[in-house]
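[1] Generate a structure from the sequence data that follows.
(one chain, ligands or ions: 1)
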Amino acid sequence: MSKIGVHSFVWSAGSSRAELEKALESTHKLGFKLIEFSYLDPAQVDVGWLSGRLRDLGLDVAISMGLPPEGDISSDDGAVVAKGVDILDKAVALVRDLGGSKLAGILSSSHGKQERTLTRKGWDTSVATLSKVADRARAAGVTLNLEIVNRFESNMLNTAAQGMAYIRDTGASNIFLHLDTFHMNIEEADVGLAIRHAADRIGYVHIGESHRGYLGTGTIDFSAIFDALVAIGWDDYVTFESFSTTIVDKDLSLKTAIWRNLWTDNVALAGHAHRFIELGLQTARRKAELVAMPHLPA
Ligand SMILES: [Mn+2]
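    This next block holds a predicted model:
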């Protein structure tokens with residue numbers, strides 16, 4: 001069995017207790033083992049209640065986020081960096097308080113189309129700043145997973161190799177890569193090779209199609225991706241991420257340019273995704289077994 005997760009925005013962008021409960025139940029019912037939430041404000045959401053419901057249903061949890069421009073830790077403005085640190089520390093605390101272990105997303109600079117090139121100084125500021133956040137996260141039992149996103153959503157980490165260089169510069173043992181097939185399909189020379197090259201630094205994986213809709217209905221070569229995940233012995237979560245204008249988060253939908261309606265029935269979508277990922281991984285495992293079989297005469 002594979003560890004398959006789902007982003008809560010497949011279910012709802014809302015954070016009322018009823019909306020969260022529906023998301024949790026749908027996730028559990030379809031066989032997903034993890035639900036990923038975008039950052040939830042503990043002033044708005046009863047974190048104790050939510051962690052209890054996760055435990056009741058046997059679900060793991062991950063939190064993802066993207067730093068806003070006013071909290072960009074690669075900024076030259078110390079006040080902006082300090083704001084980013086505060087946002088990251090709060091997100092680490094939320095992961096811990098929900099009983100999770102992974103903070104993911106765009107954590108090293110701000111999320112969105114940038115109008116300037118990243119400078120060496122910006123890189124160094126980000127590395128030094130996130131190293132300190134990582135120290136505190138380690139004490140909380142939380143890993144930081146840097147999402148590698150396409151050029152239109154960050155000017156810092158667009159390839160897995162850049163992410164590995166960043167992690168090396170931090171020297172931190174609890175910073176990993178968060179790879180996403182949607183973004184890799186745009187930026188990597190070869191998605192399967194990039195997964196193999198980054199193998200020992202991958203902490204979290206998003207599975208998304210080239211248009212972010214139904215898996216298998218776009219241009220991504222998923223069999224190459226499942227082959228690579230099996231080849232590196234990946235046995236941690238892969239989380240399905242999909243967006244449609246059916247479910248709108250005011251901020252994220254604009255930053256990720258969700259203009260088209262790729263699905264309306266989220267139960268059908270998520271059920272299909274779970275089957276697609278499970279079968280894809282099973283098939284890749286079977287292929288790996290077959291190529292290793294010598295088939296000698298009896
Ligand atoms: Mn993603």
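[2] for this protein, which helix is longest?
    helix 266-292 (DSSP state H).
[3] Which strands or helices does that one pack on?
    Packing partners of helix 266-292 (3 or more C-beta pairs under 8 Å, 6 or more residues apart in numbering; DSSP states H and E): strand 4-7, helix 17-29, helix 222-231, strand 238-240. In short, each C-beta sits where N, CA and C put it, glycine included.
[4] Listing partners with orientation, what would you give for the following helix or strand past the second one?
    Using DSSP states H and E, the next helix or strand after helix 17-29 towards the C-terminus is strand 34-38. The partner list of strand 34-38 in its sheet, established with DSSP bridges, is strand 4-7 (parallel), strand 60-67 (parallel).
[5] show me the contacts for residue 6.
    Residues in contact with residue 6 (C-beta atoms under 8 Å, 6 or more residues apart in numbering) are 27, 30, 32, 34, 35, 36, 239, 240, 270, 273, 274.
[6] Would you show me how to pick out the buried ones of those residues in PyMOL?
    This is how PyMOL selects the buried members of these, with burial counted by 16 or more other C-beta atoms under 10 Å:
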select buried, resi 27+30+32+34+35+36+239+240+270+273+274
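[7] Output the contacts of residue 6 in CSV; the columns should cover distance to residue 214 and pLDDT.
    Compiled in CSV, the contacts of residue 6 are given as follows (distance: C-beta to C-beta, whole Å; pLDDT from 0 to 100):
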residue, distance to residue 214, pLDDT
27, 18, 98
30, 15, 98
32, 16, 98
34, 20, 98
35, 20, 98
36, 19, 98
239, 16, 98
240, 11, 98
270, 10, 98
273, 8, 98
274, 12, 98
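[8] picking up where we left off before, starting at the chain centroid, how far to the longest helix of the chain?
    Offset of helix 266-292 from its chain centre (C-alpha atoms, centre = their mean, to the nearest Å): 19 Å.
[9] Kindly report the same for stretch 96-113.
    That offset, for stretch 96-113, works out to 8 Å (C-alpha atoms, centre = their mean).
[10] What of stretch 92-102?
    Distance of stretch 92-102 from the chain centroid (C-alpha atoms, centre = their mean) equals 15 Å.
[11] Spell out which parts of this protein neighbour the ion.
    180, 206, 241 (C-beta under 5 Å from the ion).
[12] Mind putting the residues you listed into a markdown table with pLDDT and neighbour count?
    Output for the residues of the chain next to the ion, formatted as a markdown table (pLDDT from 0 to 100; neighbours: other C-beta atoms under 10 Å):
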| residue | pLDDT | neighbour count |
| --- | --- | --- |
| 180 | 98 | 22 |
| 206 | 98 | 26 |
| 241 | 97 | 22 |
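[13] if we can go back for a sec, out of the strands paired with strand 34-38, which is closest to residue 164?
    strand 60-67 (20.0 Å; C-beta to C-beta).
[14] hang on, the earlier thing: tabulate the helices and strands packed on helix 266-292 (TSV), appending distance to residue 47.
    Listed next are these as TSV, based on distance: least, C-beta to C-beta, whole Å:
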stretch	distance to residue 47
strand 4-7	19
helix 17-29	11
helix 222-231	32
strand 238-240	21
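[15] With respect to burial, which of these scores highest?
    strand 4-7 (a mean of 26; mean count of other C-beta atoms under 10 Å).
[16] for that one, what is the average pLDDT?
    Average pLDDT, strand 4-7: 98.
[17] now stretch 63-75
    98.
[18] what do you get for stretch 117-127?
    Averaging pLDDT residue by residue across stretch 117-127 gives 98.
[19] Can you mark which positions in that stretch are buried?
    Those would be 122, 123, 125, 126, 127, for stretch 117-127 by 16+ other C-beta under 10 Å.
[20] mind listing which of these are in helices?
    Going by DSSP H, the helices hold 122, 123, 125, 126, 127 from these.
[21] do you know how far the residue lying closest to the last one once chain neighbours are set aside is from residue 9?
    It stands for residue 127. Residue nearest to residue 127 in three dimensions, not counting chain neighbours: residue 169, with 4.5 Å by C-beta to C-beta, 6 or more residues apart in numbering. Distance from residue 169 to residue 9, counting by C-beta to C-beta, to the nearest Å: 32 Å.
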